[in-house]
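Engineer: Any chance you could fold what I've pasted below:
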Amino acid sequence: MAHGIADLSLRPLAVAIGTQAPVLLHHFGSKEQLVVEILGRVRDRLRTIGRDAVSDQYRSGLGAVWAWASDPEHGPLMRLFFEVYGLALRRPDRYSDFLHHSVHDWLDEPLAAVDDISATLAIATVTGLLLDLLATKDRDRVDNAMQRFLILLRSHADHLTPTERNSVNAVDETITIEG
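Structural biologist: From the prediction side, this is the model:
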């Protein structure tokens, strides 16, 4: 996390954690798979944080995920996430698991969203705001933007009847965006 993945070599990493590079290769197969595994565990932890928050207070999971991910203590890990995201877009063959799970796992766990479209907006908003926070360090503005988004997302969900919730996807599929 301190130096990023671009210049990461397994030998110094292995020495730093008290093992040997062949052991890491045996367990993970490659440097990329090691990083994907680490980020997968972070993603799983965030999903658990979201689920636990929802079980404590209905529809509070996305806020809990934001609080953890935007915590300055987790900044190095989030920078690693964005570095790997960029590398994965450039080299999807090396990071296909990362790309697949970075969105699909969150669609399976929509937290405050009521449908795939709302969940997609939530994924994009949290990702974009985290990137903004890391780039600008403007915590007040970015936190306020996240709070406003949570209000909008919850308001959208509160105004839908159960029948409307079930038909949202059908309606959204009929909307086309012209460009």
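Engineer: can you give me the helices for the protein?
Structural biologist: Along the chain, the segments classed as helices by DSSP state H run 10-17, 21-28, 31-56, 61-69, 75-90, 96-108, 116-136, 139-158, 162-174.
Engineer: Quick one: mean pLDDT for the longest one?
Structural biologist: Model confidence over helix 31-56 averages 84 on the pLDDT scale.
Engineer: can you check stretch 1-8 too?
Structural biologist: In the prediction, stretch 1-8 has an average pLDDT of 73.
Engineer: What are the contacting residues of it?
Structural biologist: For stretch 1-8, the external contacting residues (Cβ atoms under 8 Å, 6 or more residues apart in numbering) are Lys31, Val35, Pro76, Leu77, Arg79, Leu80, Glu83, Val84, Leu87. The C-beta positions use only the backbone N, C-alpha and C, and glycine is treated the same way.
Engineer: same thing but at 7 Å, please
Structural biologist: With contacts defined as Cβ atoms under 7 Å, 6 or more residues apart in numbering, stretch 1-8 is touched by Lys31, Val35, Pro76, Leu77, Leu80, Glu83, Val84, Leu87.
Engineer: any idea which helix or strand of this protein has the worst average confidence?
Structural biologist: The weakest-scoring helix or strand in the chain, judged by mean pLDDT, DSSP states H and E, is helix 162-174 (a mean of 45).
Engineer: circling back to that earlier point, buried deepest among the helices of the chain, which one?
Structural biologist: Looking across the helices of the chain with neighbours counted as mean count of other Cβ atoms under 10 Å, the highest average goes to helix 61-69: a mean of 21.
Engineer: what packs against that helix?
Structural biologist: helix 31-56, helix 116-136, helix 139-158 (3 or more Cβ pairs under 7 Å, 6 or more residues apart in numbering; DSSP states H and E).
Engineer: could those helices go into CSV alongside distance to Gly63?
Structural biologist: Shown next, in CSV, are the helices and strands packed on helix 61-69 (distance: least, Cβ to Cβ, whole Å):
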stretch, distance to Gly63
helix 31-56, 7
helix 116-136, 10
helix 139-158, 6
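Engineer: And those: which comes nearest Ser102?
Structural biologist: Judged by Cβ to Cβ, the one of the helices and strands packed on helix 61-69 that comes nearest to Ser102 is helix 31-56, at 7.5 Å.
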